[in-house]
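1. coords below, sequence missing:
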């Protein structure tokens, strides 16, 4: 999979956020719906 992302975050921060499937994910990605992503941990 490949995609482009425009952000001020460093590549390391983006990778960490994209691979974090803990409850912290909802804090990092505030646009995620907790009803869908809340039980992924």
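-> Good, I have the coordinates. What you see is a predicted model, and the numbers here were worked out from it, not measured in a lab.

2. what comes into contact with stretch 1-10?
-> Stretch 1-10 is contacted by residues 14, 17 when judged by C-beta atoms under 8 Å, 6 or more residues apart in numbering. Yep, even glycine has a C-beta here, placed from its N, CA and C like the rest.

3. model confidence over stretch 14-23, on average?
-> Per-region confidence: stretch 14-23 scores 84 on mean pLDDT.

4. Span of that stretch from start to end?
-> From its first residue to its last, stretch 14-23 covers 17 Å (C-alpha to C-alpha, to the nearest Å).

5. Centre of the chain to it, how far?
-> 5 Å (C-alpha atoms, centre = their mean, to the nearest Å).

6. Ok, stretch 15-24 next?
-> The answer for stretch 15-24 is 5 Å, by C-alpha atoms, centre = their mean.

7. Then stretch 13-30?
-> With C-alpha atoms, centre = their mean, you get 3 Å for stretch 13-30.
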